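A.B. asks: Give me a 3D structure for the following:
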Amino acid sequence: MSCLFRSVSMVVVLNGVLADECPTSVRSLLAAHPGYRDAAAQLLAAAARVIGPQGLLYVAQRELAAVVPHDKNVTIIGSDDATSWSGAVALAHLDGSGTAEAAAAMVARVQQLAVGYPEGRLELQLVGGFTDPHRYSDELFANIM
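C.D. replies: Reported below is the predicted structural model:
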């Protein structure tokens, strides 16, 4: 199974298993993989840490950034309560505006940063979203997938 992202075909692996198809909504993803709901609950229950400005790269809504582990100026990349660090990392705070363009730019930038590191792979981590009566987060999720 693969999802078509512009001209790039990518496989989807959920919990270490190759998916037959891309999840079309957050509800369908959580129904098929309840462990993600548990992991989200653990993330929400974690105590917040105050991080000083030294080494921090903050990504605001509608921004994106990409870094590599050996960047001497950045040790933490985050947006509100989301942080990530492993290999070349790109983080975007998306709200539905310019999603396809942001995703394409992120993939391209991570690939540029990863030149010379052939052992890497592209991974997508989705964090966030909200429950609303219009299911706006579901639409954003489907657009990203």
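A.B. asks: can you tell me the helix or strand for the residue nearest the centre of the chain?
C.D. replies: Among the residues of the chain, the one closest to the centroid is Gln125, at 3.5 Å (CA atoms, centre = their mean). Taking DSSP states H and E as the definition, one finds Gln125 inside no helix or strand.
A.B. asks: in this structure, which helix has the most residues?
C.D. replies: If you go by DSSP state H, the chain has its longest helix at helix 99-113.
A.B. asks: can I get the CA coordinates of that helix in PDB?
C.D. replies: C-alpha atoms of helix 99-113 as PDB (Å, rounded to 0.1, in the frame of the first residue of the first chain):
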ATOM      1  CA  THR A  99      -0.800  22.100   3.900                       C
ATOM      2  CA  ALA A 100       0.300  20.500   0.600                       C
ATOM      3  CA  GLU A 101       3.000  23.100   0.100                       C
ATOM      4  CA  ALA A 102       4.200  22.800   3.600                       C
ATOM      5  CA  ALA A 103       4.400  19.000   3.400                       C
ATOM      6  CA  ALA A 104       6.300  19.200   0.100                       C
ATOM      7  CA  ALA A 105       8.700  21.800   1.500                       C
ATOM      8  CA  MET A 106       9.300  19.700   4.700                       C
ATOM      9  CA  VAL A 107      10.100  16.500   2.700                       C
ATOM     10  CA  ALA A 108      12.400  18.400   0.400                       C
ATOM     11  CA  ARG A 109      14.300  20.100   3.200                       C
ATOM     12  CA  VAL A 110      14.700  16.900   5.200                       C
ATOM     13  CA  GLN A 111      16.000  15.200   2.100                       C
ATOM     14  CA  GLN A 112      18.500  18.000   1.500                       C
ATOM     15  CA  LEU A 113      19.700  17.900   5.100                       C
END
